[in-house]
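> Quick one, structure for this:
(2 chains)
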Protein chains: 2
Amino acid sequence: MSLLPKSLSRVIESFERLPGVGPKTAQRLAFYLLHVPQESLEQFAQSLKDLKSHTVLCSICKNVTEQDPCIICVHPGRDQQLFCVVEQPTDVLSIEKTGKFQGVYHVLHGCIDPLNNIGPDEIYLADLIKRLSKLGTGSVEVILAMNPNMEGEATAMYITRQINELAANGGKPVKVTRLAHGLPVGADIEYADEVTLSRALEGRREF
Amino acid sequence: MSLLPKSLSRVIESFERLPGVGPKTAQRLAFYLLHVPQESLEQFAQSLKDLKSHTVLCSICKNVTEQDPCIICVHPGRDQQLFCVVEQPTDVLSIEKTGKFQGVYHVLHGCIDPLNNIGPDEIYLADLIKRLSKLGTGSVEVILAMNPNMEGEATAMYITRQINELAANGGKPVKVTRLAHGLPVGADIEYADEVTLSRALEGRREF
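Sure, this is the predicted structure:
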């Protein structure tokens, strides 16, 4: 004997499948939606249906986009020789929010993670190398903006090696940089971990 | 210039409207759904559309149900003279999970909360009194299972007064009980607050 109406338990099940949503949260959300106007529910439903059919990956930078190529790749004000390599499309949003980056992106959709069977071929790495091999004149810089963890570091090292190989085989010389590591703004030195603090010391700049 | 595809930002907006879901979580969930098969998305969408059209409130106990009256109200094994009054439909689920209650429910859909402009007429309280006034022979018990906070206590007191008035006006005498207050199982006495601990002392039972 199931107490819950089937339509309600189906909504709960759908919410439960989302990452970070447990059975209690799913139940709370579903019961909340019972008080929402039908119109909003229909909108929510329609947006879910359209989610994938109305989005594509940009054929150049692999970011999630509505039109191909994406607005960043075709933007005339963007420096097409300054690349920022990120792991996820959400990283693009974070970097765009700073307003400090005027180049183009390359989204890997993951990082090299041998423990989870993700090698260089499972992410959009070959596409980056291909992009770099087809550049015009002028200096080129690749900013590696991987997450500062073990997998991110390994991916950054792998990409650097690939870029250097490209240059050794007659390609253009490419300047490879990484995001600075150090204390987050607003943090307490007292609570900073040793690795972050030693990176902050190494990367100190003239005042 | 919006970076996000419209279909993606619509999903993010829908998630953001849910209680306890902030902009970052909404973004994370929407990007997660990009990797989900279209079929699952359609199912999710359909379940949202059907949510309200396939559920009704039981005309007797006001619980959320598929059929009216609900399966608890029509169940032959349930004691129709033993009532458990709860604030929300989710409370019914929690109490049913214990398997210790064989009576019927009455869902108030809220509690008396003057600060939020919710008076006795905004919840299904009159329906409870009506139910109690139409009882047959045999002893009647009403268990008040409101949340143990100020609003819950006030609601419980108000209901008790109403039931007593009903009895004074020639209705059946009704035994009114409350859920026990005390230490939650597995808790530390050291960390229990004074109110809980004094309730636990007051409500002590022979070993």
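> tell me the average confidence for the longest helix along chain A?
Of all the segments assigned as helix in chain A under DSSP state H, the longest by residue count is helix A:150-168. For helix A:150-168, mean pLDDT rounds to 92.
> can you pull out the strands in chain A?
Using DSSP state E, the strands assigned to chain A run over residues A:56-57, A:64-65, A:79-86, A:103-107, A:140-145, A:174-178.
> Run me through the strand neighbours of the second one, direction for each.
Spelled out, it's strand A:64-65. Strand A:64-65 sits in its sheet next to strand A:56-57 (antiparallel), going by DSSP bridges.
> Let me see the residues that make contact with the partner strand.
By C-beta atoms under 8 Å, 6 or more residues apart in numbering or on different chains, the residues outside strand A:56-57 that reach it are A:63-68. For every residue, glycine as well, the C-beta is placed using N, CA and C.
> Go again with 6 Å.
With C-beta atoms under 6 Å, 6 or more residues apart in numbering or on different chains as the test, strand A:56-57 has contacts from A:Asp68.
> buried ones in the longest helix of chain A?
Residues A:151-153, A:155-156, A:159, A:163, A:166 are the ones in helix A:150-168 that count as buried (16 or more other C-beta atoms under 10 Å in any protein chain shown).
> Kindly report the same for stretch A:91-98.
A:91-93, A:95-96.
> Please list which of those residues also come close to chain B.
Among these, the residues that sit close to chain B (C-beta under 6 Å from any C-beta of the partner chain) are A:Glu96.
> between the buried residues of stretch A:91-98, which is nearest B:Gly119?
Closest approach to B:Gly119 among these (C-beta to C-beta): A:Leu93, at 45.5 Å.
> per-residue confidence for A:Lys172?
81.
> and chain A, which of its residues are near chain B?
So far as C-beta under 6 Å from any C-beta goes, chain A lies against chain B at A:3, A:5, A:7-8, A:10-11, A:14, A:18-19, A:29, A:31-33, A:38, A:41, A:44-45, A:47-52, A:54-55, A:65-66, A:90, A:96.
> Filter these down to the ones in helices?
Among those, the residues falling in helices (DSSP H) are A:7-8, A:10-11, A:14, A:29, A:31-33, A:38, A:41, A:44-45, A:47-52, A:90, A:96.
> Taking those residues, please make a ChimeraX selection of just the buried ones.
A single ChimeraX command selects the buried members of these (16+ other C-beta under 10 Å):
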select /A:7,8,10,11,14,29,31,33,41,44,45,47,48,49,50,51,52,90,96
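> check contacts around the residue positioned nearest the centre of chain A.
Central residue of chain A (C-alpha atoms, centre = their mean): A:Gln88, 1.6 Å from the mean position. Counting by C-beta under 6 Å, 6+ apart, A:Gln88 touches no other residue.
> rerun at 8 Å
So A:Gln88 contacts A:107, A:109-110, B:31 (C-beta under 8 Å, 6+ apart).
> Now it, what are its backbone angles?
Phi and psi for A:Gln88, reported as degrees, to the nearest 10, are phi -130, psi 160.
> can I see the domain layout of chain A?
A:6-51, A:78-178 (automatic domain parsing).
> Now the terminal residues of the shortest one, how far apart.
The one in question is domain A:6-51. End-to-end distance of domain A:6-51 (C-alpha to C-alpha, to the nearest Å): 25 Å.
> so where's chain A uncertain?
Filtered on pLDDT under 70, chain A yields the residue ranges A:1.
> hmm, back to that, in the buried residues of stretch A:91-98, find the pair that's most separated.
A:Asp91 and A:Glu96 (9.5 Å).
> hang on, the earlier thing: and which of the contacts of A:Gln88 is nearest A:Val174?
A:Val107 (18.4 Å).
> what's across from that closest one in the sheet?
According to DSSP bridges, beta-bridge pairing links A:Val107 with A:Val86.
> ok, how many other residues are close to it?
A count of neighbours around A:Val107, defined by other C-beta atoms under 10 Å in any protein chain shown, yields 25.
> dump the residue contacts of it.
A:Val107 makes contact with A:61-64, A:86-89, A:91-92, A:124, according to C-beta under 8 Å, 6+ apart.
> Look up phi and psi at the nearest residue to A:Ser133 once chain neighbours are set aside.
Sequence neighbours aside, A:Gly171 is the residue nearest to A:Ser133 in space, at 5.6 Å (criterion: C-beta to C-beta, 6 or more residues apart in numbering or on different chains). The phi/psi pair for A:Gly171 (degrees, to the nearest 10) reads phi -80, psi 180.
> what number of residues lie near A:Gly171?
Residues contacting A:Gly171 under the criterion other C-beta under 10 Å number 17.
> Over to A:Arg17?
Number of residues near A:Arg17 (other C-beta under 10 Å) recorded here: 14.
> I'd say it and B:Pro37 touch.
No. A:Arg17 is beyond contact range of B:Pro37, at 11.2 Å (criterion: C-beta atoms under 8 Å).
> Please point out which parts of stretch A:113-123 sit buried.
A:113, A:118, A:123.
> Same check on stretch A:186-195?
Neighbour-count burial for stretch A:186-195 [16+ other C-beta under 10 Å]: A:Ala192.
> In JSON lines: the strands of chain A, plus distance to B:Met146.
Shown next, in JSON lines, are those (distance: least, C-beta to C-beta, whole Å):
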{"stretch": "strand A:56-57", "distance to B:Met146": "52"}
{"stretch": "strand A:64-65", "distance to B:Met146": "47"}
{"stretch": "strand A:79-86", "distance to B:Met146": "51"}
{"stretch": "strand A:103-107", "distance to B:Met146": "51"}
{"stretch": "strand A:140-145", "distance to B:Met146": "52"}
{"stretch": "strand A:174-178", "distance to B:Met146": "57"}
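> For B:Thr137, find the nearest of those strands.
strand A:64-65 (67.8 Å).
> Off-centre distance for the closest one?
Distance of strand A:64-65 from its chain centroid, counting by C-alpha atoms, centre = their mean, to the nearest Å, is 12 Å.
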